[in-house]
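>>> got a sequence here, can you build the structure:
(one chain, ligands or ions: 2)
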Amino acid sequence: MARQSIKFIESLCKGCGYCIEFCPNKVFEKSDKRNVKGTTMPEIVHPEKCTLCELCTMLCPDFALTIGEVEVE
Ligand code: SF4
Ligand code: SF4
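Ligands and ions are numbered 1, 2, ... in the order given. Purely as a prediction, here's the structure:
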């Protein structure tokens, strides 16, 4: 079964933190993880709180966040 979910393309992230700051549901948090560019990335810590409002997809300057289908059991 598939459902809509937030998707994070890690390699595009530049670590600006807008998603952490502006997500109304605190889906993201800072992390120590780095992507292939060496950028410190956010982490999706509360995907269940995402309401698919698309605010982060519009704010992310590098198009690293999208809404798309993910497979769930
Ligand atoms: S779509 Fe909305 S609720 Fe979901 S992670 Fe982005 S800003 Fe947060
Ligand atoms: S808004 Fe985009 S580029 Fe900025 S930290 Fe979040 S995912 Fe990375």
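>>> wait, does stretch 52-60 contact ligand 1?
Yes. Residues of stretch 52-60 contacting ligand 1 under CB under 6 Å from any ligand atom: 52, 53, 54, 55, 56. C-betas here are computed from N, CA, C, even on glycine.
>>> quick one: contacts of that stretch?
If you take CB atoms under 8 Å, 6 or more residues apart in numbering as the criterion, stretch 52-60 is touched by 4-6, 18-19, 22-24, 27-28, 65-67.
>>> now, which of the residues you listed lie close to ligand 2?
Checking these against ligand 2 (CB under 6 Å from any ligand atom), the matches are 18, 19, 65.
>>> mind checking which of those residues are buried?
18, 19, 65 (16 or more other CB atoms under 10 Å).
>>> just these: which are in helices?
Counting by DSSP state H, those place 18, 19 in helices.
>>> residues contacting the residue nearest to residue 35 when sequence neighbours are not counted?
In space, and not counting its chain neighbours, residue 35 is closest to residue 10: 4.7 Å by CB to CB, 6 or more residues apart in numbering. Contact partners of residue 10, counting by CB under 8 Å, 6+ apart, are 35, 36, 41, 64.
>>> if we can go back for a sec, give me the buried entries from the residues of stretch 52-60 next to ligand 1.
55, 56.
>>> let me know the closest of the residues of stretch 52-60 next to ligand 1 to ligand 2.
Lowest distance from ligand 2 to the residues of stretch 52-60 next to ligand 1 (CB to the nearest ligand atom) belongs to residue 56, with 6.4 Å.
>>> returning to that earlier point: show the pLDDT at the residue nearest to residue 35.
For residue 10, the model assigns a pLDDT of 96.
>>> what's it sitting at in phi/psi?
Reported as degrees, to the nearest 10, the phi and psi values for residue 10 are phi -60, psi -40.
>>> numbering from 855 from now on, please.
Right, with 855 as the first residue, what we last looked at is residue 864.
>>> ok, it to residue 927 distance?
For residue 864, the distance to residue 927 equals 24 Å [CB to CB, to the nearest Å].
>>> re earlier: would TSV of the ones next to ligand 2 among the contacts of stretch 906-914 with pLDDT and distance to residue 900 be doable?
Formatted as TSV, those follow (pLDDT from 0 to 100; distance: CB to CB, whole Å):
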residue	pLDDT	distance to residue 900
872	98	17
873	98	12
919	98	15
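>>> thanks a lot, see you next time.
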